[in-house]
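>>> with the sequence up front, the predicted model follows.
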Amino acid sequence: MTATTHNEVSVLVVDDQELVRGGLRRILRRRDGFVVSECADGDEVPAALASATPDVVLMDLRMRRVGGIEATRVVRTRRAAPPVLVLTTFDDDQLLSGALRAGAAGFILKDSPAEDLIRAVRTVADGGAWLDPSVTGRVLSAYRMVNPVPVRDDALLSELTAREYEVLELIGRGRVNTEIARELGISEVTVKSHVGHIFGKLGLRDRAAAIVFAFDHGVVTPGESSV
């Protein structure tokens, strides 16, 4: 889903701690192109989405009444569902893997620098995915415990053209379509076409799944994500 204007991004913050929500409001400022609305728990998300559709949902995982995984499932089952970027602490590996299975577009640590949070929100709003490199390796290990994958399948990868492989590698590094187009010197329309072919050939549902696939099959490694 794209932002409401070239610069403005509408963000729904879902967190049961007022101090956290206040801190996020101070980072995602209107003068910097963000419009922030809030929910104090996961059970408030359906009503919030009924009144407006944000460009990004910034979702806490641990909440008192309805947790972030269940709330993410609710968001992702809606028509024209906005992407979900999960907020997490350093030791939430199992919960993060569950959030990916629920359809989250990625995750970022709560103590990340403000500039990383801003970039992550804009990346997800532009249709990308964001997996914080400091915990990606551990999260993927937890993800594989529930979603085991075979050893690198070169035959499956060989179905991709050389250009599609390049695009998959850049997706795995967290690039959005505009960045991929610029790096490869091709149009954004062409990138979108390649992404569609990649998803179809590899049986992937979204960019987060593509990033998981890229890590699992050795296209990139956690230390190389450089989002």
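That came through fine.
>>> how about the strands of this protein, start to end?
9-14, 34-39, 56-60, 84-88, 106-109, 130-131 (DSSP state E).
>>> next, the angle strand 9-14 makes with the second one.
Right, the one you point to is strand 34-39. Strand 34-39 runs at 20 degrees relative to strand 9-14, counting by axes from the mean of the first three to the mean of the last three CA atoms, to 10 degrees.
>>> what about strand 34-39, distance to the chain center?
How far strand 34-39 lies from its chain's middle: 18 Å, per CA atoms, centre = their mean, to the nearest Å.
>>> tell me which strands and helices it is in contact with?
Contact here means 3 or more CB pairs under 8 Å, 6 or more residues apart in numbering; DSSP states H and E; on that basis strand 34-39 packs against strand 9-14, helix 18-27, helix 45-51. Quick note: C-beta positions are derived from backbone N, CA and C, even for glycine.
>>> return the residue of this structure that is most distant from the centre.
For the chain, the residue at maximal distance from the C-alpha centroid (CA atoms, centre = their mean) is residue 155, at 27.6 Å.
>>> what distance do you get for that residue to residue 183?
27 Å (CB to CB, to the nearest Å).
>>> that older thread, show the pLDDT at the residue farthest from the centre of the chain.
Predicted confidence (pLDDT) at residue 155: the value is 75.
>>> over to the one 10 residues further on?
Each residue has a pLDDT score; the one for residue 165 is 94.
>>> one more: residue 33?
Taking residue 33 on its own, its pLDDT is 92.
>>> what about it, how many neighbours?
16 (other CB atoms under 10 Å).
>>> so what's it up against?
When contacts are counted by CB atoms under 8 Å, 6 or more residues apart in numbering, residue 33 touches 7-9.
>>> which one of the residues you listed sits closest to residue 162?
If you rank the contacts of residue 33 by distance to residue 162 using CB to CB, residue 9 comes first, at 34.2 Å.
>>> what is the burial count for that closest one?
The burial count for residue 9: 23, using other CB under 10 Å.
>>> likewise for the one 10 residues further on?
The burial count assigned to residue 19 is 8, neighbours taken as other CB under 10 Å.
>>> roughly how far apart are it and residue 26?
As judged by CB to CB, residue 19 and residue 26 stand 11 Å apart.
>>> go on, residue 128?
With the distance defined as CB to CB, residue 128 ends up 24 Å from residue 26.
>>> the more surrounded of those two?
residue 128 (25 against 10).
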